[in-house]
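Peer 1: pasting the sequence and the predicted model now:
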Amino acid sequence: QVQLIESGGGLVQAGGSLRLSCVASGRTFGSYAMGWFRQAPGKEREFVARFSRNGGATFYADSLKGRFTISRDNAKKTVYLQMNSLKAEDTAVYYCAADWNYTTMTPRYWGQGTQVTVSS
C-alpha cells in the first residue's frame, strides 16, 4: 500500500508559479513510479508528468513541457511539481499518483487532490 498526501495548491494569477508537493508513505519510497495528473472542470483526468520506476527518467505531457518540472527528494519521500507561467487553462485539481500498472499505464494509488486555480 502507498498513501499520498498533496499540498501546495491555491489561487495564483496568470503568469505566476506554484509548487505542489506530494508526500508518500507505506511501501519503500523509490520502489515505484510517482507522478502527477490533473482534472479540469468538465474534463477527463489527464497525465501531467511522472518519474520512471527507478526515478532515473522523467516523462511529461507534450503540452506542458518547458513550463512544468517534476522533481523529488528521496530523503523526504516527496515528489514536487513546479508549475511556471501558469495559464487559466491550468486550473484543475492536481492529483499525485504512484505505482503504475504498466499494462494499463494507470497508477494504482492516488492522493486526494489539491486545487489549483489560475485567475486571468
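Peer 2: Sure, I can see it.

Peer 1: so, low pLDDT: which residues of this structure?
Peer 2: Of all residues in the chain, none has pLDDT under 70.

Peer 1: how about the strands in it?
Peer 2: 2-7, 10-13, 18-26, 34-39, 46-51, 58-60, 68-73, 78-83, 92-101, 106-110, 114-119 (DSSP state E).

Peer 1: winner for burial among those strands?
Peer 2: Mean neighbour counts were compared across the strands of the chain using mean count of other Cβ atoms under 10 Å; the top stretch is strand 34-39, at a mean of 23. The way it works is simple: take the backbone N, C-alpha and C, and place the C-beta from them, glycine included.

Peer 1: contacts only, for the residue positioned nearest the centre of the chain.
Peer 2: Among the residues of the chain, the smallest C-alpha distance to the mean C-alpha position (Cα atoms, centre = their mean) belongs to Trp36, namely 2.3 Å. With contacts defined as Cβ atoms under 8 Å, 6 or more residues apart in numbering, Trp36 is in contact with 20, 22, 48-50, 70, 79, 81, 94-97.

Peer 1: now it, which residues is it bridged with?
Peer 2: Beta-bridge pairing of Trp36 under DSSP bridges involves Ala49, Cys96.

Peer 1: how near is it to Ser119?
Peer 2: Using Cβ to Cβ, to the nearest Å, we find Trp36 at a distance of 21 Å from Ser119.

Peer 1: likewise Phe47?
Peer 2: Phe47 is 25 Å from Ser119, by Cβ to Cβ.

Peer 1: kindly report the same for Ile70.
Peer 2: 24 Å.

Peer 1: what's the answer for Ala24, then?
Peer 2: In terms of Cβ to Cβ, Ala24 sits 31 Å off from Ser119.

Peer 1: what of Met83?
Peer 2: In this structure, Met83 lies at 14 Å from Ser119, with Cβ to Cβ as the measure.

Peer 1: one more: Val79?
Peer 2: Val79 is 26 Å from Ser119, where distance means Cβ to Cβ.

Peer 1: for Gly10, same thing?
Peer 2: 11 Å.

Peer 1: Gln3 now?
Peer 2: When Gln3 is compared with Ser119 (using Cβ to Cβ), they lie 32 Å apart.
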